[in-house]
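A.B. asks: Fold the following and give me the result.
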Amino acid sequence: MSDLKLDAEGLYLELQRGVQRLLSADTALVGIWSGGAWLAERLAADLGVAAGTISSALHRDDFGSRGMAKADHTRLPFDVNGRDILLIDDVLYTGRTTRAVINELFDFGRPARVQLAVLVDRGGRQLPIEPAFSAARVTLAPGQSLRLARAGEGRFSFEVK
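C.D. replies: This next block holds a predicted model:
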């Protein structure tokens, strides 16, 4: 167990400010299933922008070891062609989920631009992927994990294992 304490609600407010600066008139938020989807849903309501959800399940390079997850979490209720897409995720680590999600996104069309905003960047990248905005950067031991949790009333917290 870790002594790391992160204020998920405080970081959400910081993420909201960062996302607001990245928005253009044609930006849609796309939350990465599941924590990123929760964040995108709340950001869309707070900022009044379009939002969708995307899953990395069909494009994971490690699905053999993880098993095939339920892959029907992708919901993009708008045309991605020519649109600015702002991917939203809870925790960025290796970059492999982001790579898979970009592949999935291009199955739906060709966006004008794709950016990434994350609640927490924990470093440890295996791919050349960097967020346009991160509310926090933390260092965890390689065996540790950081997971966003959402309470029934929509408030966020973190679980560190």
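A.B. asks: pretty sure residue 119 contacts residue 148?
C.D. replies: Yes. Counting by CB atoms under 8 Å, residue 148 is a contact partner of residue 119 at 6.7 Å. Every C-beta, even on glycine, is put in place using the N, C-alpha and C of the backbone.
A.B. asks: any common contacting residues for these two?
C.D. replies: Applying CB atoms under 8 Å, 6 or more residues apart in numbering, one finds that residue 119 and residue 148 are jointly contacted by 8, 35, 39, 90, 91.
A.B. asks: ok, residue 131 - how many residues close by?
C.D. replies: Residues near residue 131, counting by other CB atoms under 10 Å, number 21.
A.B. asks: Name the SS class of it, please.
C.D. replies: At residue 131 the chain is in coil, as set by DSSP: H, G, I helix; E, B strand; the rest coil.
A.B. asks: could you say what helices and strands the helix or strand where residue 36 lies packs with?
C.D. replies: Assigned by DSSP states H and E, residue 36 belongs to helix 35-47. In terms of contacts (3 or more CB pairs under 8 Å, 6 or more residues apart in numbering; DSSP states H and E), helix 35-47 is packed against helix 8-22, strand 27-32, strand 51-54, strand 84-92, strand 113-121, strand 146-150.
A.B. asks: quick one: contacts for the closest residue to residue 115 other than its chain neighbours?
C.D. replies: Among residues not flanking residue 115 along the chain, residue 132 sits closest, at 4.3 Å (CB to CB, 6 or more residues apart in numbering). The contact partners of residue 132, taken as CB under 8 Å, 6+ apart, are 22, 86, 115, 116, 117.
A.B. asks: Of the shared contacts of residue 119 and residue 148, which is the most crowded?
C.D. replies: For these, the largest number of neighbours (other CB under 10 Å) sits with residue 39, at 30 neighbours.
A.B. asks: what residue lies at the spatial centre of this protein?
C.D. replies: Against the mean C-alpha coordinate of the chain, by CA atoms, centre = their mean, the closest residue is residue 89 at 1.2 Å.
A.B. asks: I figured that one hits residue 32, correct?
C.D. replies: Yes. With contact defined as CB under 8 Å, residue 89 reaches residue 32; the gap is 4.4 Å.
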